[in-house]
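**Student:** what's the 3D shape of this:
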Amino acid sequence: MRNVIEGEARSGARRAPACWVDARQPRFGQSITGGALLLGFVLDWPAVLPVIAVILGGSALFGRRGNLYGYLFRAARRLLPLGPARELEEAGPPRFANTLGFVFTGAASLAYYVGGSAVAGWALGLIVSGLALLAATTGLCVGCELYVILRRAVTRGRVAERLVVRAEVSEGAEA
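**Tutor:** The predicted structure follows:
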């Protein structure tokens, strides 16, 4: 596989190796998360809140090994003619977004089940649903962008942008 790292030619700086994912994989997970939370709200099925929290928590805590959506996406790639990845993206921003989603859906679960506040629980769940569906449909991942902003602040601008790799030949690209 031959990759071109955007931004490298402009800055001349070599980047540290990172874990890469097919750019479609996070969108796949975001569509499931957003759709499941929205459907849970419409059907008044609050059990979806802790289920999504556990899924996002596993992904945030264990990375690829704990990412149920990653396993589902790789299975879909084997079964459906999705074609090779056109872009690979750094795994850090989607993992950070999963962490934020876990925090919000975990808080939503606690608000609903422990605090007895269905309004607060569903409000937090719908925030996650809306942001996940926004990311799935437009590619604008708010959690990913927050990761970039925080990384820029922590590194004092040494890593200024989100890393995206354009995969020219990506038969062996991991998802």
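
**Student:** Mind listing what's buried along the longest helix along the chain?
**Tutor:** The longest helix of the chain (DSSP state H) is helix 118-138. Going by neighbour count (16 or more other C-beta atoms under 10 Å), the buried part of helix 118-138 is Gly121, Trp122, Leu124, Gly125, Leu126, Val128, Ser129, Leu131, Ala132, Leu133, Ala135, Ala136. (C-beta placed from N, C-alpha, C; glycine too.)

**Student:** gap between the first one and Ala91?
**Tutor:** When C-beta to C-beta, to the nearest Å is the yardstick, Gly121 and Ala91 sit 30 Å from each other.

**Student:** Same question for the last one.
**Tutor:** Using C-beta to C-beta, one obtains 18 Å as the distance from Ala136 to Ala91.

**Student:** Then the second one?
**Tutor:** The span separating Trp122 from Ala91 equals 30 Å under the rule C-beta to C-beta.

**Student:** what is the rounded mean pLDDT of stretch 52-67?
**Tutor:** For stretch 52-67, mean pLDDT rounds to 94.

**Student:** where does it sit relative to the chain's centre, distance-wise?
**Tutor:** Distance, stretch centre to chain centre, for stretch 52-67: 10 Å (C-alpha atoms, centre = their mean, to the nearest Å).
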